[in-house]
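Colleague: quick check, what structure comes out for this input:
(2 chains, ligands or ions: 3)
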Amino acid sequence: MGMNLSVEIGKIRMKNPVTTGSGTFGSGQELSDFVDLNMVGAITVKGVSLEPWKGNPYPRTVETPAGMLNAIGLQNDGVDNFISQKLPFLRQFDTPVIVNVVGQSVEEYAEVARRLDKAEGVSGIELNVSCPNVKQGCMVFGTSVEGITEVVQAVRQATSLTLITKLSPNVTDITAMARAAVDAGTDALSLINTLLGTAIDPWTQTFRLANITGGLSGPAIKPVALRMVWQVAQAVDVPIIGMGGIVTGTDAVEFLLAGADAVAVGTGTFINPKAAVDVAEGIASYMEKMKIDDVRELVGSVKTL
Amino acid sequence: MRDEISRVVADCEIIEQVEVAPHVFRSVLVEPTIARTSKPGQFVNVRVCECYDPLLRRPFSVHAVDPEKGTFSLLYDVIGRGTKLLMEMHVGEKVSVVGPLGSSFDVGEDPSARHILVAGGCGAAPIHFLSDWICKKHGCDKVTVLVGAKTGTALLCQAEFVAHGVEVKLATEDGSFGFKGFVTELLASHIEESKVKNPDSAIRIYACGPMPMMREVARVCGEQGIKSCQLSLERTMACGIGVCMGCVTKAQDGCCSHHPDEWHYSRVCTDGPVYDAKELIWE
Ligand SMILES: Cc1cc2nc3c(=O)[nH]c(=O)nc-3n(C[C@H](O)[C@H](O)[C@H](O)COP(=O)(O)OP(=O)(O)OC[C@H]3O[C@@H](n4cnc5c(N)ncnc54)[C@H](O)[C@@H]3O)c2cc1C
Ligand SMILES: Cc1cc2nc3c(=O)[nH]c(=O)nc-3n(C[C@H](O)[C@H](O)[C@H](O)COP(=O)(O)O)c2cc1C
Ligand code: FES
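Modeller: Residues are numbered from 1 along each chain as shown, chains lettered A, B, ... in the order given. Ligands and ions are numbered 1, 2, ... in the order given. As a prediction, the model looks like this:
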């Protein structure tokens, strides 16, 4: 009997448990020279807003020990351009597309969701209520129970697509945010988004990012991400997409053991453009070695010492 | 100028490591696809160690290619940890490379055009490849390379340019070699000279070097009414493949619009690194 790698996130059926971290895979096309897009479980694309956003001034990224900070500011061409310019390319693959959504008001989030709901070829919406690099908007929603409740309820009414709420790690108790999103009707959760940080150049005595602060990602954040996935998995019953510093198959397995049903590869794609597919293959070879037939057996099965 | 060609991720063997000037190294690597398909101005993104610190790849221009042997070379200044790690690798070791990436210089089809290439510091890396390319396409007698550096020992590739058979002019800021001053001053006088000597030929300018130099090249070209001025920019890059939106520079929307609001942040790794000077907005 063959091995089962497929998982379900709401109504989305993924052929393997690996998707891409929003903002690290463009709209998929950029990576198609390097990876067969049919080989990833789902494609999660860069955040889209109602109108085009210009993004933040340069410099927008800095390398840090085992990680990086980014303050892109959600540069994107807006949802209508996404639907007309980017989506047609993605439709040719047998891979579900999850669209990350950002907004500056509840109405904007809902309107973007409504337009995506009508577009052919979108399987899910990932609500980005947690971006740290935009002054107005998302972060405000993502760090309070009231904010999350309001935005998730509004988007829930605007779409019947699978709704995934992406949680911010920049809160005292992430389980409170998770419960609020579930109570407001989200189908699934994804976590974590980046951790707020900064970097300073001692020689020029200036900040290294034009935006001053940015979001930390990469292997450096994996322990924090794993802890939060584990806590949220204990607190709620909806599927979880875990992410934060995943580079290898065994990194991904650790997230599954902590309670994630699927994982996303973000910064890992920057060091290895094939990372998402390599991680999926890495999970399969781990299962073979460990004689596990169904990836779902791994989910949440971490044991205490 | 974006080239739609297939890009590769490959572990490339290093077959040569040479210090060509103080702190400046040339590495020759084996990768037939990159050697065959790279165009001048394009770059590769190199993973300088199998480690998480430093985490990100380092971008380097393609400096030379040998399609027959399937090799290509990099020319780089050792300025930090990543370049030090690359310099310390031994012949026979392998390094992961993604490429070729980005846009390339457009050398045009006009057989009578004069080509003036301006290299500042390690900007000589892609200018060397470009000089070779134009020589093969239009003839070396159409090419002048202006090489600038702070001091004589930092002038790069002049022997190679001389070997190509192109006209070479040198400038050093301290006057230890060639013209004393900025290479851009040399550019202004060379353009004037070229206009007098070849009044019927179009002039094409290509430049790679530090940002202040590029800005000055753009200004000189504007002042001299040069229609084709192409600049290769450098930006800190996280992905190098157009997905992170980190490596941006301000560019005009569409072609040559001059409305102050009609601009966007353009990705240097994918829409560049080579831009027509008219597209760029300087701050
Ligand atoms: C498209 C492109 C092509 C390039 N081609 C070449 C080339 O052919 N030869 C070459 O020598 N270099 C080239 N560079 C620059 C090269 O990528 C950097 O020098 C290299 O990444 C530095 O890595 P490092 O780890 O040694 O330095 P780091 O430890 O990362 O940095 C050391 C110091 O240098 C500064 N620094 C880092 N990168 C840059 C940069 N791009 N510009 C200015 N200052 C910087 C840092 O802020 C820091 O102060 C290119 C860059 C780009 C974007
Ligand atoms: C350059 C960059 C851009 C990002 N853009 C977005 C975005 O548009 N929307 C979003 O929800 N998350 C965004 N993220 C966060 C990632 O999707 C991911 O949650 C985070 O980076 C942690 O995973 P990683 O360590 O694997 O990168 C971005 C991350 C990076 C590094
Ligand atoms: S470096 Fe990521 S988009 Fe250019």
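
Colleague: which stretches of the stretch 101-250 of chain A have low pLDDT?
Modeller: Residues of the stretch 101-250 of chain A that meet the criterion pLDDT under 70 lie in A:131-139.

Colleague: 90 instead?
Modeller: For the stretch 101-250 of chain A, applying pLDDT under 90 flags the ranges A:104, A:129-143.

Colleague: how about the strands in it?
Modeller: A:124-128, A:162-166, A:188-191, A:195-198, A:200-201, A:206-207, A:213-217, A:240-243 (DSSP state E, counting those that start in this stretch).

Colleague: centre of the chain to the first one, how far?
Modeller: For strand A:124-128, the gap between its own C-alpha mean and the chain's C-alpha mean amounts to 8 Å (Cα atoms, centre = their mean, to the nearest Å).

Colleague: what of the second one?
Modeller: Using Cα atoms, centre = their mean, the mean C-alpha position of strand A:162-166 is found 10 Å from that of the whole chain.

Colleague: just to revisit the earlier point, how about the strands of the stretch 101-250 of chain A, which one is nearest ligand 1?
Modeller: Closest to ligand 1 of the strands of the stretch 101-250 of chain A, according to Cβ to the nearest ligand atom: strand A:200-201, at 7.1 Å. For the C-beta atoms, the positions are set from N, CA and C on the backbone; glycine is no exception.

Colleague: just the strands of the stretch 101-250 of chain A: most buried one?
Modeller: Per-stretch averages of neighbours, counted by mean count of other Cβ atoms under 10 Å in any protein chain shown, single out strand A:240-243 among the strands of the stretch 101-250 of chain A, with a mean of 30.

Colleague: name the residues that touch the helix or strand hosting residue B:251?
Modeller: In this structure, residue B:251 sits in strand B:248-252 according to DSSP states H and E. Residues outside strand B:248-252 that contact it (Cβ atoms under 8 Å, 6 or more residues apart in numbering or on different chains): A:55, A:58, A:60, A:75, B:233, B:235, B:258, B:262-268, B:271-272, B:275, B:278-283.

Colleague: let's see 10 Å
Modeller: If you take Cβ atoms under 10 Å, 6 or more residues apart in numbering or on different chains as the criterion, strand B:248-252 is touched by A:54-61, A:72, A:75, B:211, B:233-235, B:258-259, B:262-269, B:271-273, B:275-276, B:278-283.

Colleague: do it and ligand 2 meet at all?
Modeller: No - judged by Cβ under 6 Å from any ligand atom, strand B:248-252 makes no contact with ligand 2; its nearest approach is 11.7 Å.

Colleague: if I look at residue A:291, how far off is ligand 1?
Modeller: 43 Å (Cβ to the nearest ligand atom, to the nearest Å).

Colleague: so how far is the strand holding residue B:251 off the chain centroid?
Modeller: Averaging C-alpha positions (Cα atoms, centre = their mean) puts strand B:248-252 18 Å from its chain's average.

Colleague: which residue ranges of the chain form helices?
Modeller: Using chain A. Under the criterion DSSP state H, chain A contains helices at A:79-81, A:87-91, A:106-118, A:138-142, A:145-158, A:174-183, A:222-235, A:249-258, A:268-271, A:275-290.

Colleague: that answer is for a different chain, and I need it for chain B
Modeller: With DSSP H as the criterion, chain B has helices spanning B:32-37, B:81-88, B:124-138, B:158-164, B:183-197, B:211-223.

Colleague: wait, does the last one contact ligand 1?
Modeller: Right, helix B:211-223. No - figure legend: helix B:211-223 not in contact with ligand 1 (Cβ under 6 Å from any ligand atom); closest approach 8.2 Å.

Colleague: pull the contacting residues for the residue in chain B that ligand 2 sits nearest to.
Modeller: When scored by Cβ to the nearest ligand atom, chain B has residue B:244 as its residue closest to ligand 2, at 3.9 Å. Counting by Cβ under 10 Å, 6+ apart, residue B:244 makes contact with A:23-26, A:30, A:46, A:60-61, A:68, A:70, A:72, A:266-267, A:269-270, B:56, B:237-238, B:267, B:269.

Colleague: residue of chain A closest to ligand 2, please.
Modeller: The minimum distance from chain A to ligand 2, using Cβ to the nearest ligand atom, falls at residue A:23 (1.9 Å).

Colleague: excluding chain neighbours, what is closest to that residue?
Modeller: The shortest distance from residue A:23 to any non-neighbouring residue, by Cβ to Cβ, 6 or more residues apart in numbering or on different chains, is to residue A:46 (5.0 Å).

Colleague: and for residue A:96?
Modeller: residue A:123 is the one closest to residue A:96 (Cβ to Cβ, 6+ apart), at 3.7 Å.

Colleague: for that neighbour, phi and psi?
Modeller: Backbone geometry at residue A:123, expressed as degrees, to the nearest 10, gives phi -100, psi -30.

Colleague: does it touch residue A:98 like I think?
Modeller: Yes - Residue A:123 is within contact range of residue A:98, at 6.3 Å (criterion: Cβ atoms under 10 Å).

Colleague: which one's more surrounded, these two?
Modeller: The neighbour comparison of residue A:123 against residue A:98 (other Cβ atoms under 10 Å in any protein chain shown) goes to residue A:98, with 27 against 19.

Colleague: burial measure for residue B:109, as a count.
Modeller: 8.

Colleague: ok, now which ones touch it?
Modeller: Residue B:109 touches B:137-138, counting by Cβ under 10 Å, 6+ apart.
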